[in-house]
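Q: Sequence first, then the predicted structure:
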Amino acid sequence: MLKVGLTGGIASGKSVVGTMFAKLGVSVVQADIIAHDLMQPGKSVYTEVVRHFGSEILNPDSTINRPKLAETAFGSASRTEELNRIVHPAVIQKQDEWMNEIGQRSPDAIAMVEAALILEAGAAARFNRLIVVTCTPEQRIDRWANKLRVDRATAEAEVKRRMAAQLPDSEKIKAADYLVDNSGSLEDTRKQVERIFTHLETEAKKRI
């Protein structure tokens, strides 16, 4: 089995690229979905997050309001580190369990984890290959505004705040085995994904 990390800065288009790989037969899981599950009421991560960040991050039904949590956590470097310290180890454990299950079922599989903070969390060594997705700063803002349906000024402020907690693209690119430039058309991105998939598929088969 080939373990692949898919990462990139905020609103770079990781999920779009991940979906393209999935359509080619790659097993893909999103770290954000794992984290969302771990932060459901009754889970240990939920308990720790609420204990550290307070009940003001909760919705009326006691679920975590993720925008409020993000606003609180990304307000300072120390708060961001505090959240990451609680969430990252549990998410990484679940990712590893998922990849191991994929490998047991299909020894020649490609198991891909889509996560924004692979490098920031010091988790790159867990993967055989690392793919980084990039786009222009202006595109990040436009895509975030469209995704959240907010005005451009609000989107720009949020993108800049989140980017401050992430490594710059230049550092991510240095660590990448493959780069997907998602600043062009979807068809151009798809062609890049298909080329990379061919390499990954060949390598995965050699690992049997």
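A: Looks like it arrived, so ask away. Just so we're clear, the structure is a prediction, and the values are computed from it rather than from any experiment.
Q: Can you list the low-confidence ranges for the protein?
A: Along the chain, no part satisfies pLDDT under 70.
Q: And the strands in it?
A: Using DSSP state E, the strands of the chain run over 2-8, 27-30, 110-114, 129-134, 178-181.
Q: tell me, what residue is most central in the chain?
A: Central residue of the chain (Cα atoms, centre = their mean): Ala115, 1.9 Å from the mean position.
Q: The residue nearest to that one when sequence neighbours are not counted and Arg152: what is the separation?
A: Leaving aside its sequence neighbours, Ala115 sits nearest to Ala31 (Cβ to Cβ, 6 or more residues apart in numbering; 3.5 Å). Placement of C-beta: from N, CA and C, glycine included. Using Cβ to Cβ, to the nearest Å, Ala31 is found at 28 Å from Arg152.
Q: Of those two, give the one with the bigger neighbour count.
A: Ala31 (25 against 13; other Cβ atoms under 10 Å).
Q: residues contacting that one?
A: Val91, Gln95, Val113, Glu114, Ala115, Ala116, Leu117 (Cβ atoms under 8 Å, 6 or more residues apart in numbering).
Q: Of those residues - the most surrounded one?
A: Neighbour max across the contacts of Ala31 (other Cβ under 10 Å) = Val113, 27 neighbours.
Q: distance between the helix ranked longest in the chain and the chain's centre?
A: The residue-count maximum for a helix in the chain (DSSP state H) belongs to helix 77-105. Computed by Cα atoms, centre = their mean, to the nearest Å, the chain-centroid distance of helix 77-105 equals 11 Å.
Q: Can you point out the buried residues in that helix?
A: 80, 82-84, 86-88, 90-92, 94-95, 99, 102-103 (16 or more other Cβ atoms under 10 Å).
Q: Now do that helix against strand 2-8, angle only.
A: For helix 77-105 against strand 2-8, the angle by axes from the mean of the first three to the mean of the last three Cα atoms, to 10 degrees is 150 degrees.
Q: start at 686 instead
A: Let's use 686 as the start, then, which means that last one is helix 762-790.
Q: Check which helices and strands helix 762-790 is in contact with.
A: strand 712-715, helix 716-723, helix 729-738, helix 751-758, strand 795-799 (3 or more Cβ pairs under 8 Å, 6 or more residues apart in numbering; DSSP states H and E).
Q: if we can go back for a sec, in a markdown table: the strands of the chain, plus distance to Asp854.
A: A markdown table is the format used below for those (distance: least, Cβ to Cβ, whole Å):
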| stretch | distance to Asp854 |
| --- | --- |
| strand 687-693 | 8 |
| strand 712-715 | 20 |
| strand 795-799 | 17 |
| strand 814-819 | 5 |
| strand 863-866 | 10 |
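Q: Out of those, which gets nearest to Thr704?
A: Nearest to Thr704, of all these, is strand 712-715, at 7.7 Å by Cβ to Cβ.
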